[in-house]
Every structure is written in C-alpha cells, then in structure tokens.
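Chemist: Sequence plus predicted model, see below.
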Amino acid sequence: MNIILETKCLRLRRFTADDAGHLFAVDNDPDVMRYINGGTPTPWEVTLDQILPGFLQYNESAPGFGFFAAIEKTTDTFVGWFVFRPTGDDPSHVAIGYRFHKAAWGKGYATEGAAALIDRGFAEWGVQRVIATTYEENAASRRVMEKLGMRHVRSFRYEAEAIGASDTSYSESVAVWPGEDVEYALTRLEWEQRGTMDELRIRRYRSEDADAVSGIIRRTMRISNRVDYPIEQLQPLIDYFSPAKVEQINQTRVCLVAEKGGPLLATAGLEEDEVVTFFVLPEQQGRGIGSALLQALEAQARDQGFMELRLDASLTGTPFYARHGFRPTGEVLDGTAGPQVSMRKRLG
C-alpha cells in the first residue's frame with residue numbers, strides 16, 4: 001500500500017488510480033468545500049483528468065513529499081487526505097494542507113496527521129519552514145494550525161490566477177469569497193523549542209498566585225518595558241501592581257498564568273474583549289511561552305462569544321502581536337507610561 005507513516009489512528013499512504021472515487025466524494029460535499037471553493041460541485045472529469053493526476057505525480061518524483069490518503073485504522077476506510085510539498089524552488093520550505101470527510105471531523109485526525117508529517121519533515125527530510133493557509137473565517141482549520149504550534153504570519157488575498165491554477169480544487173469563479181486568507185507558519189527552530197513547551201501548563205489564576213504574578217509584572221516592566229519608557233514613568237505602574245492589587249483586580253477579570261515545573265513564568269489578563277495585561281518574564285521571552293499564553297487567552301475570548309480581541313501594545317511589543325494576527329488600528333494612545341499602539345484581531 002506504499003504507507004509513508006502511521007499515527008495512533010491513521011495510516012498515511014500514497015494515492016493510486018483507484019482513489020478517484022474517494023477524491024470525487026470528498027470534493028462534492030458542499031460543507032467540506034465551503035471554505036475552499038464556496039461549495040461548488042467538482043465534475044467527475046475534472047477529478048479524473050486533472051486533480052488525481054496531480055496527486056499521483058509526486059509518487060516517484062518527490063519521495064517524502066506529495067499527497068497522502070488518510071486511512072482510518074479501525075475501519076480501514078478513506079477519511080481524507082494530506083498534502084506536504086515544497087512551496088517553490090527551495091525544498092526546505094513546504095506547505096501542509098488537509099481535507100477530510102465530514103464524518104471524520106472532530107476526531108483530531110487533521111492535527112494528528114499533520115503533526116506526524118511536520119515531525120518527519122523537520123527530523124528527517126531537511127525541512128526548515130512549514131506554512132499552511134486557510135480562509136479567515138475557517139475557525140476549525142485555524143485551530144488545527146494553532147494546535148500544531150504554528151503562528152499567524154500574514155493575511156492576504158489570492159490573485160485570480162492562483163485560484164484558477166489550483167491543482168487541489170475546482171472553482172467556477174475567482175470571486176469565491178469576499179474576505180482574506182490567512183497564512184500560518186512554523187520554523188525548524190520553533191519546532192525544536194516546542195519540546196520545552198510540553199511541560200508548560202496554562203491555568204486560571206488562584207489567590208495564592210498574587211505574589212508571583214505581582215513579581216512577574218514588576219520585573220518585566222523594570223527590564224523589558226524600559227526599552228520603550230523611562231523608569232520614572234513606569235514606576236507608578238510598578239507600584240500599582242502590588243500583590244494586594246493583583247488579587248483585587250483578578251477577581252473581576254479572566255487571568256491566566258503559565259507555569260513549568262512549579263514557578264510561574266507569565267501572566268495575562270482579559271476583560272471582556274480586551275487584553276489588559278500580558279507579561280512574560282524577560283529571561284523566558286522568545287521560547288514560545290507568550291505565543292501559547294496568547295492562544296489560550298484567545299480561546300477564552302471565543303468561549304465567551306467574542307469575535308474580536310483588542311489591546312494597546314507597547315512599541316516593542318507591537319511586532320509580537322502582529323506576528324499573531326493583531327493589526328494596528330492606526331491610533332497611538334497616550335498611555336500611563338507613554339505611547340501605546342491600539343491593535344485588533346478577528347477571532348473567526
């Protein structure tokens with residue numbers, strides 16, 4: 001069966017000429033194709049003469065890359081497929097994608113299979129960067145990317161030529177949807193650092209955390225925020241976040257903390273749809289902790305029914321939030337310690 005790899009629930013194998021019916025079935029479910037071609041049916045001749053041949057061409061020409069049928073182990077049935085292939089001339093930069101029958105949704109198959117391909121790519125195939133794209137309103141697909149450790153890097157609009165030239169789907173119109181697509185990415189360095197994230201735990205604030213949370217905020221302000229603001233302007237805020245004040249304000253907001261092996265490393269606060277505090281200890285920055293904490297905060301906002309998050313970022317903090325999908329509104333505020341950039345992110 002030319003199996004490439006196996007996961008807990010799936011076998012990933014190469015496509016064969018006998019898979020035309022499988023592709024035709026998945027591409028003709030309007031719910032599956034909603035965010036791909038607007039739900040447009042795919043003609044049988046397009047599947048047979050265009051899409052399937054493209055899937056098969058990788059079998060010999062690019063070992064390790066290409067399209068893979070996902071077979072459910074317990075039933076031995078085709079449930080969907082993955083693609084893992086270079087995005088251009090550099091074979092170390094690849095794109096990952098997935099498409100599943102509706103009956104297989106919600107089982108974690110997309111995350112499970114994609115994680116296995118990404119791990120194999122970085123560990124054995126010399127991959128240095130992986131990207132994935134989806135329509136901005138496809139919240140389920142975006143959550144898969146986030147679970148894989150990928151971060152939002154840009155929003156963009158596909159050109160008409162790119163839509164018409166797609167080798168994975170059929171479309172009758174280049175104006176399938178009015179919004180933008182989003183691109184997520186994961187680098188080899190980020191993947192290597194992810195091992196240290198396995199021990200990271202993000203949980204809700206407890207009263208006994210007040211001293212530690214106060215210490216995180218104060219230390220981060222003294223060291224990280226001094227890049228943007230004079231210490232004399234920061235000092236009133238440093239004094240404000242005493243353990244008693246931390247306990248008081250966190251009784252009326254959602255507060256999360258990140259810990260690993262006991263000590264707290266970061267904290268973030270949410271009031272309705274606004275990120276009101278976000279601090280990672282200076283020595284822990286750049287290790288993915290802030291990204292994980294921000295994703296958890298976004299999940300909290302989604303659970304509360306909010307479709308957008310807003311925040312006021314420090315000048316040096318702006319690039320971090322931009323990498324995670326926040327966009328400047330164009331407004332620069334006069335904050336307590338100095339100028340802050342107003343930013344927003346649609347949650348989908």
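Modeler: Everything's here; your move.
Chemist: Number of residues surrounding Asp76?
Modeler: Residues near Asp76, counting by other C-beta atoms under 10 Å, number 8. C-beta here means a position set from N, CA and C on the backbone, and glycine is covered the same way.
Chemist: Ignore what I typed, I meant Gly305.
Modeler: 7.
Chemist: can you tell me which helix or strand it belongs to?
Modeler: Counting by DSSP states H and E, no helix or strand carries Gly305.
Chemist: distance of it from Glu192?
Modeler: 37 Å (C-beta to C-beta, to the nearest Å).
Chemist: for Val280, same thing?
Modeler: 19 Å.
Chemist: check contacts around Pro41.
Modeler: When contacts are counted by C-beta atoms under 8 Å, 6 or more residues apart in numbering, Pro41 touches Asn28, Pro30.
Chemist: Give me the pLDDT value at it.
Modeler: With respect to pLDDT, Pro41 scores 91.
Chemist: cool, Asp76 as well?
Modeler: Listed pLDDT for Asp76 reads 95.
Chemist: ok, now Gly317?
Modeler: 88.
Chemist: Could I get the full set of helices for the stretch 1-150 of the chain?
Modeler: Along the stretch 1-150 of the chain, counting by DSSP state H, counting those that start in this stretch, helices occupy 20-27, 34-37, 44-46, 52-56, 58-61, 109-124, 139-147.
Chemist: Buried ones in the fourth one, by neighbour count?
Modeler: Taking 16 or more other C-beta atoms under 10 Å as the basis for neighbour counts, the residues of helix 52-56 that come out buried are Leu52, Phe55, Leu56.
Chemist: quick one: the helices in the stretch 201-348 of the chain?
Modeler: Under DSSP H, counting those that start in this stretch, the stretch 201-348 of the chain gives helices at 210-223, 231-240, 243-249, 289-303, 318-323.
Chemist: Compute the inter-axis angle for the first one and helix 231-240.
Modeler: It refers to helix 210-223. Taking axes from the mean of the first three to the mean of the last three C-alpha atoms, to 10 degrees, helix 210-223 and helix 231-240 form an angle of 180 degrees between their directions.
Chemist: For helix 210-223, which outside residues touch it?
Modeler: Residues contacting helix 210-223 (C-beta under 8 Å, 6+ apart): 205, 231, 234, 237-238, 241-247, 250, 255, 257, 263-267, 277, 279-282.
Chemist: And it, what's buried?
Modeler: Quick answer for helix 210-223 (16+ other C-beta under 10 Å): Ala210, Ala212, Val213, Ser214, Gly215, Ile216, Ile217, Arg218, Thr220, Met221.
Chemist: ok, now which ones touch the residue positioned nearest the centre of the chain?
Modeler: By C-alpha atoms, centre = their mean, the mean C-alpha position of the chain lies nearest to Glu146, the distance being 2.7 Å. Contact analysis of Glu146 by C-beta under 8 Å, 6+ apart lists Tyr184, Gln295.
Chemist: re earlier: of all the helices of the stretch 1-150 of the chain, which one comes closest to Ala70?
Modeler: helix 109-124 (5.7 Å; C-beta to C-beta).
Chemist: Report the buried residues of that closest one.
Modeler: For helix 109-124, by 16+ other C-beta under 10 Å, it's 109-118, 120-122.
Chemist: Export that helix to PDB, keeping only CA atoms.
Modeler: Extracted C-alpha coordinates of helix 109-124, given in PDB (Å, rounded to 0.1, in the frame of the first residue of the first chain):
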ATOM      1  CA  TYR A 109      -7.300  13.500  12.600                       C
ATOM      2  CA  ALA A 110      -6.200  16.700  10.900                       C
ATOM      3  CA  THR A 111      -4.000  17.600  13.900                       C
ATOM      4  CA  GLU A 112      -2.700  14.100  14.400                       C
ATOM      5  CA  GLY A 113      -1.700  13.500  10.800                       C
ATOM      6  CA  ALA A 114      -0.300  17.000  10.200                       C
ATOM      7  CA  ALA A 115       1.800  16.800  13.300                       C
ATOM      8  CA  ALA A 116       3.300  13.500  12.200                       C
ATOM      9  CA  LEU A 117       4.200  14.900   8.800                       C
ATOM     10  CA  ILE A 118       5.700  18.000  10.300                       C
ATOM     11  CA  ASP A 119       7.800  16.000  12.700                       C
ATOM     12  CA  ARG A 120       9.000  13.700   9.900                       C
ATOM     13  CA  GLY A 121       9.800  16.700   7.700                       C
ATOM     14  CA  PHE A 122      11.900  18.500  10.300                       C
ATOM     15  CA  ALA A 123      13.600  15.400  11.700                       C
ATOM     16  CA  GLU A 124      14.300  13.500   8.500                       C
END
